[in-house]
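> Provided below for reference: sequence and predicted model.
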Amino acid sequence: MTVEVRYFASVREALGAAEAVDPGAAADVGALRDLLASRGGRYAEALGRHRVLRSARNRVLCAESAALSDGDEVGFFPPVTGG
């Protein structure tokens, strides 16, 4: 299985725009985030649990419990405020 992971805002600055990832045993968005953060270094800093991040699956905001399927697009980004 392969999913396309896209990063936005400060996460994009740290990790780049996107990458294809084999999530292995990661069955949901939260497990994928943990898998990526376990790479350490800049991944741990950008995606670690100390950061508040939003996620989207196939361009729809989702909870981290959202199940992954082959070909999904998953996005990670910080909460956004406007005014």
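Cool, the structure landed.
> can you tell me how far residue 43 sits from residue 79?
Residue 43 sits 20 Å away from residue 79, going by C-beta to C-beta, to the nearest Å. Every C-beta, even on glycine, is put in place using the N, C-alpha and C of the backbone.
> can you give me the helices for the chain?
10-15, 29-37, 41-47 (DSSP state H).
> Return the residues in contact with the closest residue to residue 47 other than its chain neighbours.
In space, and not counting its chain neighbours, residue 47 is closest to residue 37: 4.2 Å by C-beta to C-beta, 6 or more residues apart in numbering. Applying C-beta atoms under 8 Å, 6 or more residues apart in numbering to residue 37 gives the contacts 43-44, 47-49.
> neighbour-wise, which of the residues you listed leads?
residue 47 (24 neighbours; other C-beta atoms under 10 Å).
> okay, it: pLDDT?
On pLDDT, residue 47 comes in at 98.
> for residue 80, same thing?
In this prediction, residue 80 has a pLDDT value of 79.
> So which residues of this protein form strands?
3-7, 18-21, 54-57, 60-62, 73-77 (DSSP state E).
> Save those strands as a markdown table, and put in distance to residue 29 too.
Supplementary listing: the strands of the chain in a markdown table, determined by distance: least, C-beta to C-beta, whole Å:
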| stretch | distance to residue 29 |
| --- | --- |
| strand 3-7 | 9 |
| strand 18-21 | 12 |
| strand 54-57 | 5 |
| strand 60-62 | 6 |
| strand 73-77 | 6 |
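> can I get those strands in TSV with mean pLDDT?
Below are the strands of the chain laid out as TSV (pLDDT from 0 to 100):
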stretch	mean pLDDT
strand 3-7	98
strand 18-21	98
strand 54-57	97
strand 60-62	97
strand 73-77	98
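> With mean neighbour count and distance to residue 33 added, can I get the ones you listed in JSON lines?
Formatted as JSON lines, the strands of the chain follow (neighbours: other C-beta atoms under 10 Å; distance: least, C-beta to C-beta, whole Å):
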{"stretch": "strand 3-7", "mean neighbour count": "19", "distance to residue 33": "9"}
{"stretch": "strand 18-21", "mean neighbour count": "13", "distance to residue 33": "11"}
{"stretch": "strand 54-57", "mean neighbour count": "18", "distance to residue 33": "7"}
{"stretch": "strand 60-62", "mean neighbour count": "12", "distance to residue 33": "12"}
{"stretch": "strand 73-77", "mean neighbour count": "20", "distance to residue 33": "7"}
